[in-house]
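> Here is a sequence with its predicted model. Questions after.
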There are 2 protein chains.
Amino acid sequence: MKVKVVTRILEANERLAEENRKRFKEAGVFVMNLMGAPGAGKTSLLEKTILELKTRVRIGVIEGDIAGTDDAERIHNTGVPVVQINTGGACHLDANMISEVLPEMPLGELDMVIVENVGNLVCPAEFKVGEDIKAMVLSITEGHDKPLKYPLMFQESAALVLNKVDLLPYVNVDMQKLKNDAISLNPKLKIFEVSCKTGEGLHRWTEWLNGLK
Amino acid sequence: MKVKVVTRILEANERLAEENRKRFKEAGVFVMNLMGAPGAGKTSLLEKTILELKTRVRIGVIEGDIAGTDDAERIHNTGVPVVQINTGGACHLDANMISEVLPEMPLGELDMVIVENVGNLVCPAEFKVGEDIKAMVLSITEGHDKPLKYPLMFQESAALVLNKVDLLPYVNVDMQKLKNDAISLNPKLKIFEVSCKTGEGLHRWTEWLNGLK
């Protein structure tokens, strides 16, 4: 019974996600659903990505948070259109939340929309929002055991951005195990090692993303 | 309608949590529900806490993870009874999951049970499992913006353990803002600054916990 209810919620979400996807496609907009744990550096990666690409790619951002507008304000300061969704408790964005804010997004003037999901390694991976790809950010301070403990997000993501590599000398993390376990879950996963603080590795990421739109 | 369904799920969970709480109370066992984001250091804190207290306090552990038994194996190596719950996708533990594994826990031989919840700053705060207190671990690498973005967990916790303070020289985190925002959400919150890597600050935490049982 429990499973049935969950299945129905997911099915209804998939239908709405497909409607969103059609609206994005008609507008010629590429959509990335960016996921990761709290504090992994999703907003920092977005800021750096926008600053690097905004002269070439017209980007809009949908920010998802339980509460607050901190992230939307940070993105607003980069000069691109941004809408904040406050889920009011829900631990992930769903297709309906995105659908409701789409009228606020000037899709006709954009090439790419990046949806920053709620900080959570679990449920965001289950709920499509109408994206072309999912990507995830993992701070290397979170440890090398994350792929095997949160497999679905690694399986659903087209790219894994390993952030905060400037902290590698100070933490006990086995990067090879982390990458091997991620690839064993998802052999097609593109892995980027970056530091949003120092800028290391970001160029390869932004060029890859630019090539997808 | 949506709200009604959620309310009923939470009500059913509260009833089961109350039953668990009675079973723990009858056995004279103090229960802490330990929460935090993926990679905050919940299992590391548990290992250190057990090693410090196990000659004085008979501790048992219930480990919650989406998948895998890594954490249960780490706890098993400390020599205390441990049971692993794999939620198979669910992003939090609930009272029913705890109830199902209680027969595996030798409650009559224990003073304290620590439940390590799924790594997630959101839903674990909504679902009681029968605990006396909730506590949360936050890695300082997650940033000072977490209290205002994930307020419920800070409000529900009796203690906030700020872990990985050995990394303070290498990250941009405003500890005063972090602590002020946490206290503004929950004036009774006890805050501990620790490093599970160096051992710094752990004694104050373990003595506080020992005083509660």
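That came in fine, so what should we check first? Residues are numbered from 1 along each chain as shown, chains lettered A, B, ... in the order given.
> near chain B, which residues of chain A?
Within chain A, the positions near chain B by Cβ under 8 Å from any Cβ of the partner chain are A:37-39, A:65-68, A:70-71, A:89-91, A:118-123, A:126, A:139, A:141-143, A:145-146, A:148-152, A:164, A:166-167, A:170-172, A:197. Heads up, the C-betas are built off the backbone N, CA and C, glycines and all.
> residue ranges for the helices of chain A, please.
Here chain A has its helices, by DSSP state H, at A:2-26, A:42-53, A:70-76, A:95-101, A:146-149, A:151-156, A:175-185, A:202-212.
> Now, of the residues of chain A next to chain B, which are buried?
A:37-39, A:65-66, A:68, A:70-71, A:90-91, A:118-123, A:126, A:139, A:141-143, A:145-146, A:148-152, A:164, A:166-167, A:170-171, A:197 (16 or more other Cβ atoms under 10 Å in any protein chain shown).
> list the contacts for the closest residue to residue A:74 other than its chain neighbours?
Nearest-residue entry for residue A:74: residue A:43, 5.6 Å, with adjacent residues in sequence omitted and distances by Cβ to Cβ, 6 or more residues apart in numbering or on different chains. With contact set as Cβ atoms under 8 Å, 6 or more residues apart in numbering or on different chains, residue A:43 has these partners: A:63, A:71, A:74, A:75, A:116.
> Same check on residue A:197?
A:44, A:164, A:166, B:172.
> Quick check: the gap between residue A:71 and residue B:98.
Applying Cβ to Cβ, to the nearest Å, the value for residue A:71 to residue B:98 is 34 Å.
> swap in residue A:173?
31 Å.
> which one of the two has more residues nearby?
Applying other Cβ atoms under 10 Å in any protein chain shown to residue A:173 and residue B:98 shows that residue B:98 carries more neighbours, namely 29 against 21.
> Was I right to think that one contacts residue B:130?
Yes - contact between residue B:98 and residue B:130 holds when scored by Cβ atoms under 8 Å: they sit 6.0 Å apart.
> between those two, what contacts are shared?
residue B:20.
> neighbours around the closest residue to residue A:52 other than its chain neighbours, how many?
In this structure, residue A:52 finds its nearest non-sequential neighbour in residue A:206, 4.3 Å apart by Cβ to Cβ, 6+ apart. Residue A:206 has 20 neighbours, counted by other Cβ under 10 Å.
> picking that back up, so which of the contacts of residue A:43 is the closest to residue A:9?
Comparing those against residue A:9 with Cβ to Cβ picks out residue A:116 as the nearest, at 22.4 Å.
> so how far is chain B from the closest one?
Separation of residue A:116 from chain B (Cβ to the nearest Cβ, to the nearest Å): 12 Å.
> For that residue, the count of nearby residues, please.
Look at residue A:116: counted by other Cβ under 10 Å, it has 27 neighbours.
> Show me what it bridges to in the sheet.
residue A:34, residue A:63 (DSSP bridges).
> Check what pLDDT it gets.
The score at residue A:116 is 98. That number is its pLDDT.
> Same question for residue A:6.
With respect to pLDDT, residue A:6 scores 63.
> go on, the one 4 residues further on?
Model confidence at residue A:10, expressed as pLDDT, equals 83.
> Please give me every residue in contact with it.
When contacts are counted by Cβ under 8 Å, 6+ apart, residue A:10 touches A:126, A:127.
> measure it to residue A:96 for me?
13 Å.
> Low-confidence bits of chain A, can you list those?
Counting by pLDDT under 70, the ranges of chain A that qualify are A:1-7.
> Now with 80, please.
In the predicted model of chain A, residues A:1-9 satisfy pLDDT under 80.
> check contacts around the residue sitting nearest the centre point of chain A.
Central residue of chain A (Cα atoms, centre = their mean): residue A:34, 0.3 Å from the mean position. Listed by Cβ under 8 Å, 6+ apart, the contact set of residue A:34 reads A:42, A:45, A:46, A:114, A:115, A:116, A:117, A:134, A:135, A:136, A:137.
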